[in-house]
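Undergrad: just a sequence and a predicted model for now, questions to come.
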Amino acid sequence: MREKLIEILNQAQKMEYLGNVATYIPELSHKNKNRMALALMDTKGNLTVAGEAKESFTLQSMSKIITLTRALMRYGEDFVFSRVGVESVDLPFNTLKSFTIKPNNPMINAGAMVISSLLVEESFETLLDYVRKLAGNPTIRLNETVYKSEKSTSYRNPAIAYYLKDLNNITTDVEETLEYYYRQCSIELNVCDLANIAAVYANNGIHPVTKEPLIDLRSAEIVKTLMAVCGMYDESGNFLMRVGIPAKSGVSGGILAVVPGRYGIGVYGPGLDENGNSIAGAKMLELLSSEMKLNIFSY
Ligand code: GLU
């Protein structure tokens, strides 16, 4: 298995020259495009890795699936989806244009901020602890530098949040909600942690190693569905057709992918395409899917 992953990583590495590291959050711009990694955990808890498995990066938009999970478990699907939609949108993740009251889905920033507002009364530490349990790694922490970098340079996210407040879809304090959102995006981990988290979703909410039940069945089902519908920005349909695996990307260059009942996958490559998806990461998932027959629409 490890040889197969190394071979896939080598192929992805040939794409190193493609794409750009995110620069709109200044602290993300220092990342080295040739540092790539791939990790795969099966539902028995066996982990296989290739590449720079210890290279750390921040969750960014991948955090949106975790906050959505917590909101679903806390409030139930009827309430959550009375506040945010479940349809894909052909617009950038930080769009202000696409919605009236209800953001289209919880994977665009507007929808994610509504979800963050539902969780803000829990402390950020509660979320961080939950991420640590999902990843089976108690050392995961906030990257303060990335958090401060985004907080001090983001004008778009406050615009979205204040707009939602005006529409009464954020009822909590806007600055506290933004604080929570920037922090959830700045949780730092590596591909092994991503593979662990993804494996919990693949294993219907039970951590394959610790055996701890962390997500109820229905919430895990919904989150995987939304990853498939809108997890890869406005390239979600194309990615699903090409790769056939529900996945969520972040502008740090990480992608978390779930093959239900089989594998949790984490990939990393900071060179992004124009939509914000890791080019090498998407390629690794495409190769993995075809070589290991992981397309969920085939059998
Ligand atoms: N913190 C980033 C933002 O809100 C996350 C974007 C992303 O990963 O898609 O702009």
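TA: Now that the structure is in, tell me what you want to look at. Numbering: from 1, shown residues only.
Undergrad: give me the element the residue lying closest to residue 44 once chain neighbours are set aside is part of.
TA: The shortest distance from residue 44 to any non-neighbouring residue, by Cβ to Cβ, 6 or more residues apart in numbering, is to residue 208 (6.1 Å). For the C-beta atoms, the positions are set from N, CA and C on the backbone; glycine is no exception. Residue 208 is located outside every helix and strand, with elements delineated by DSSP states H and E.
Undergrad: same thing with the one 10 residues further on?
TA: Secondary structure assignment for residue 218, by DSSP H and E: helix 217-230.
Undergrad: that older thread, hmm, the residue nearest to residue 44 is touching residue 200, no?
TA: Yes - shown here, residue 208 and residue 200 form a contact pair, counting by Cβ atoms under 8 Å, at 7.4 Å.
Undergrad: what touches both of those two?
TA: Residues within reach of residue 208 and of residue 200 at once, by Cβ atoms under 8 Å, 6 or more residues apart in numbering, are residue 264.
Undergrad: which one of the two has more residues nearby?
TA: residue 200 (28 against 19; other Cβ atoms under 10 Å).
Undergrad: next, see if the helix or strand where that one lies gets close to the ligand.
TA: Assigning secondary structure by DSSP H and E places residue 200 in helix 191-202. No - counting by Cβ under 6 Å from any ligand atom, the ligand is not contacted by helix 191-202; separation bottoms out at 13.6 Å.
Undergrad: can you list the buried residues in that helix?
TA: For helix 191-202, a neighbour-count test (16 or more other Cβ atoms under 10 Å) marks 191-202 as buried.
Undergrad: close to the ligand, is stretch 102-118?
TA: Yes - contact of stretch 102-118 with the ligand is found when judged by Cβ under 6 Å from any ligand atom, involving residue 109.
Undergrad: what about that stretch, start to end distance?
TA: Stretch 102-118 has an end-to-end distance of 14 Å (Cα to Cα, to the nearest Å).
Undergrad: mean confidence score for that stretch?
TA: The average pLDDT within stretch 102-118 is 96.
Undergrad: still on that earlier bit, list the helices and strands the helix holding residue 200 packs on?
TA: In terms of contacts (3 or more Cβ pairs under 8 Å, 6 or more residues apart in numbering; DSSP states H and E), helix 191-202 is packed against strand 37-42, strand 47-51, helix 124-135, helix 217-230, strand 254-259, strand 263-268.
Undergrad: just put these in TSV and tack on mean neighbour count, mean pLDDT and distance to the ligand.
TA: Below are these laid out as TSV (neighbours: other Cβ atoms under 10 Å; pLDDT from 0 to 100; distance: least, Cβ to the nearest ligand atom, whole Å):
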stretch	mean neighbour count	mean pLDDT	distance to the ligand
strand 37-42	26	98	18
strand 47-51	21	97	21
helix 124-135	18	98	15
helix 217-230	20	98	12
strand 254-259	29	98	9
strand 263-268	28	98	13
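Undergrad: show me the one of these that comes nearest residue 243.
TA: strand 254-259 (7.9 Å; Cβ to Cβ).
Undergrad: now do that closest one: which elements does it pack against?
TA: helix 191-202, strand 247-249, strand 263-268, helix 279-292.
Undergrad: okay, now the sheet partners of that strand, with direction.
TA: Here strand 254-259 has these sheet partners by DSSP bridges: strand 247-249 (antiparallel), strand 263-268 (antiparallel).
Undergrad: pLDDT below threshold where in the protein?
TA: Counting by pLDDT under 70, the low-confidence segments of the chain come to 98-99.
Undergrad: and the one residue sitting closest to the centre of it, helix, strand or coil?
TA: The centre of the chain sits closest to residue 62, judged by Cα atoms, centre = their mean, with a distance of 1.5 Å. Following DSSP: H, G, I helix; E, B strand; the rest coil, the label given to residue 62 is helix.
Undergrad: pretty sure it is touching residue 253, no?
TA: No - shown here, residue 62 and residue 253 do not form a contact pair, counting by Cβ under 8 Å, at 10.5 Å.
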